[in-house]
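Peer 1: Got a predicted model here, sequence first, then my questions.
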Amino acid sequence: MLTRNALIIFLLLFNAALASAQTSRIVSGSTEFSVKFILGTCHGTFGAPKGKAVFSEKNPEASTFDMTVDAASFKTNSDSRDRDMKSEKYFYVDKFPQIRFRSSKVEQVGKQYNATGTLTIRDVSRTVTLPFTAVKNADGPMKLASTFELNRLDYHIGEKDWKLKDIVTVTLTAVLR
């Protein structure tokens with residue numbers, strides 16, 4: 001049985017932990033990608049990520065992320081390519097409208113962080129580790145940024161093709177408030 005003093009100390013520590021890792025809403029950001037193909041490099045975007053995050057620089061292990069990106073927001077400045085990429089052959093946005101990342105572990109590694117969790121694209125969910133940086137702006141919001149590579153074939157995005165490389169580089173930025 002807890003003594004009165006032990007209970008007060010516990011409540012103070014619990015409230016301090018809550019204050020240092022509060023749930024935030026992702027209010028803006030960007031999702032950019034690039035993939036090499038026979039004629040050079042294709043650059044494109046998706047809409048900004050949406051979702052919730054709990055992040056604490058002082059206690060990163062208590063952090064969690066649950067974010068989505070609208071798969072239909074895919075853009076490369078080529079209407080025919082964009083339509084093709086949204087089709088069943090690639091992202092199949094009619095059936096799989098969201099790309100989702102849900103963390104299971106966050107840890108600090110040097111001056112940056114790693115978020116390990118499940119990335120779901122189309123009908124495939126895989127465990128990935130996304131490196132990221134966190135910068136708190138003077139006016140309050142926190143900016144998280146991650147650049148990582150993924151193999152599009154692991155997520156059934158297209159087929160093996162000598163004209164298109166398998167590795168895609170993604171840069172994801174999320175602003176939390």
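Peer 2: Structure received.
Peer 1: Enumerate every residue touching residue 101.
Peer 2: 65-68, 115, 117-120, 128, 130 (CB atoms under 8 Å, 6 or more residues apart in numbering). Quick note: C-beta positions are derived from backbone N, CA and C, even for glycine.
Peer 1: could you dump those to JSON lines with distance to residue 166?
Peer 2: What follows is the contacts of residue 101, written out as JSON lines (distance: CB to CB, whole Å):
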{"residue": "65", "distance to residue 166": "26"}
{"residue": "66", "distance to residue 166": "28"}
{"residue": "67", "distance to residue 166": "24"}
{"residue": "68", "distance to residue 166": "24"}
{"residue": "115", "distance to residue 166": "23"}
{"residue": "117", "distance to residue 166": "22"}
{"residue": "118", "distance to residue 166": "21"}
{"residue": "119", "distance to residue 166": "16"}
{"residue": "120", "distance to residue 166": "19"}
{"residue": "128", "distance to residue 166": "16"}
{"residue": "130", "distance to residue 166": "19"}
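Peer 1: From these, pick the one nearest residue 96.
Peer 2: residue 120 (8.5 Å; CB to CB).
Peer 1: my read is the closest one is in a strand, agree?
Peer 2: Yes. Looking at residue 120 with DSSP: H, G, I helix; E, B strand; the rest coil, it is inside a strand.
Peer 1: Just list the residues touching it, thanks.
Peer 2: Contacts of residue 120 were listed using CB under 8 Å, 6+ apart, and they are 99-101.
Peer 1: Next, format those residues as TSV and append secondary structure.
Peer 2: Formatted as TSV, the contacts of residue 120 follow (three-state DSSP):
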residue	secondary structure
99	strand
100	strand
101	strand
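Peer 1: if we take those, which one ends up nearest to residue 56?
Peer 2: Using CB to CB, the contacts of residue 120 come closest to residue 56 at residue 101, 18.6 Å.
Peer 1: bridging residues for that closest one?
Peer 2: residue 67, residue 119 (DSSP bridges).
Peer 1: center of this structure - which residue?
Peer 2: residue 101 (5.4 Å; CA atoms, centre = their mean).
Peer 1: Next one: it relative to residue 69, how far apart?
Peer 2: Going from residue 101 to residue 69 by CB to CB, to the nearest Å gives 8 Å.
Peer 1: Can you tell me the strand partners of the strand ranked longest in the chain and which way each runs?
Peer 2: When the chain is scanned for its longest strand (criterion: DSSP state E), the result is strand 23-37. Partners of strand 23-37 in the sheet, by DSSP bridges, are strand 40-46 (antiparallel), strand 50-54 (antiparallel), strand 164-176 (antiparallel).
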